[in-house]
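> sequence and predicted structure are below.
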Amino acid sequence: MTQHHQPRFITFEGIDGAGKSTHIGFVTDYLRQRGVSLVSSREPGGTSLGEKLRELLLHEKMHLETEALLMFASRREHIAQVIAPALERGEWVISDRFSDASFAYQGGGRGMDLGKMEALEALVHPHLQPDLTFLFDVPLAVARARLDATRALDKFEQERSDFFAATRNEYLRRAAQFPERFRIIDSTQSIADIQVQLAQLLDILLEQSVATH
Ligand SMILES: Nc1ncnc2c1ncn2[C@@H]1O[C@H](COP(=O)(O)OP(=O)(O)O)[C@@H](O)[C@H]1O
Ligand SMILES: Cc1cn([C@H]2C[C@H](O)[C@@H](COP(=O)(O)OP(=O)(O)O)O2)c(=O)[nH]c1=O
């Protein structure tokens, strides 16, 4: 009898500076050490076309709906080329952001009608949702201080604090709407404490995904 893990699709979300990127490497290492084959990717991006769209999205000013359409165009390609084939092969997929980011940034932050966002989601992935979404949540001032300390800011990261307040609120609204999928991580904790919590959550997911033949 052999044991394997049924494929899972995990996404990482949070406002810029919440600490998402810090933990993706930890999570991929943790899962690989436990025998999971996985693909780690990001949005916007994750494919050759998607990375070109990312360059435009992070640096060019454009109409709000153009921005939303390009985010979903990048996602469509990502699903077709990376996410769906990996899940079909039985591999896990870790994505640094997915559609919750469009709801939070283009919907919450920029105020695009959420009904239009839902229509795009229904067009691009009517049957696919993450199995688990880690939402890294911190007060705006903490995120801002972390960003200022580290790097040159892209188009989104230069937004004002009311933009991020609305973005964070939309993330929290989505988490309340889909509690079975979301796990909110209090990212004011130390990196070490967050990793203890992530490991516990991953152990539960691993246990639930074991299939034996
Ligand atoms: N829990 C934490 N405590 C203190 N600093 C952190 C924590 N998490 C991340 N950082 C630091 O904050 C900065 C932004 O983190 P990063 O992971 O790049 O954020 P994100 O990917 O969410 O934009 C980095 O310099 C990182 O080292
Ligand atoms: C996927 C996605 C990202 N974004 C934004 C959020 C981020 O500010 C930016 C890029 O995300 P990210 O890769 O998290 O940035 P970084 O590597 O600099 O931490 O794109 C949207 O506005 N909508 C979306 O649908």
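In hand now; what should we look at? Ligands and ions are numbered 1, 2, ... in the order given.
> for ligand 1, what are the nearby residues on this structure?
14, 16-22, 136, 146, 150, 187, 189-191, 194 (Cβ under 6 Å from any ligand atom). The C-beta positions use only the backbone N, C-alpha and C, and glycine is treated the same way.
> buried residues in stretch 54-69, which are they?
By neighbour count with 16 or more other Cβ atoms under 10 Å, stretch 54-69 contains the buried residues 54, 57, 67-68.
> pLDDT at residue 77, what is it?
At residue 77 the predicted local distance difference test score is 98.
> where in the chain is pLDDT low?
Segments of the chain classed as low confidence (criterion: pLDDT under 70) are 1-3, 212-213.
> list the helices and strands the longest helix anywhere in the chain packs on?
Ordering each helix of the chain by length in residues (DSSP state H) puts helix 191-209 first. Where contact means 3 or more Cβ pairs under 8 Å, 6 or more residues apart in numbering; DSSP states H and E, helix 191-209 is packed against helix 20-33, strand 132-137, strand 182-186.
> nearest to residue 158, of the residues of the chain next to ligand 1?
Of all the residues of the chain next to ligand 1, the one with the least separation from residue 158 (Cβ to Cβ) is residue 16, at 9.8 Å.
> residues contacting that closest one?
For residue 16, the contact set (Cβ atoms under 8 Å, 6 or more residues apart in numbering) comprises 143, 147, 156-157, 164.
> now the residue nearest to the spatial centre of the chain: how far from residue 193?
Nearest to the mean C-alpha position of the chain, counting by Cα atoms, centre = their mean, stands residue 97 at 2.2 Å. When Cβ to Cβ, to the nearest Å is applied, the distance between residue 97 and residue 193 equals 23 Å.
> for residue 131, which non-adjacent residue is closest in space?
Using Cβ to Cβ, 6 or more residues apart in numbering and skipping residues adjacent in sequence, the residue nearest residue 131 is residue 8, 4.6 Å away.
> list phi and psi for the one you found.
Backbone geometry at residue 8, expressed as degrees, to the nearest 10, gives phi -130, psi 150.
> what's the answer for residue 44, then?
Residue torsions, per degrees, to the nearest 10, at residue 44 are phi -60, psi 150.
> thought residue 72 was touching it, still the case?
No. Using Cβ atoms under 8 Å, residue 44 is not in contact with residue 72, being 9.6 Å away.
> these two: which is more packed in?
Set residue 44 next to residue 72 and count neighbours by other Cβ atoms under 10 Å: residue 44 wins out with 26 against 22.
> rewinding a little: can you put the helices and strands packed on helix 191-209 in a markdown table and add mean neighbour count?
Listed next are the helices and strands packed on helix 191-209 as a markdown table, based on neighbours: other Cβ atoms under 10 Å:
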| stretch | mean neighbour count |
| --- | --- |
| helix 20-33 | 16 |
| strand 132-137 | 22 |
| strand 182-186 | 18 |
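> among the ones you listed, which is nearest residue 174?
Proximity to residue 174, assessed across these by Cβ to Cβ, is greatest for strand 182-186 (7.0 Å).
> okay, now the closest residue to residue 167 other than its chain neighbours: neighbour count?
In this structure, residue 167 finds its nearest non-sequential neighbour in residue 109, 4.0 Å apart by Cβ to Cβ, 6+ apart. Around residue 109 there are 24 other residues, counting by other Cβ under 10 Å.
> which parts of stretch 108-118 are buried?
By neighbour count, with 16+ other Cβ under 10 Å as the criterion, the buried positions of stretch 108-118 are 108-110, 112, 117.
> lovely, talk soon.
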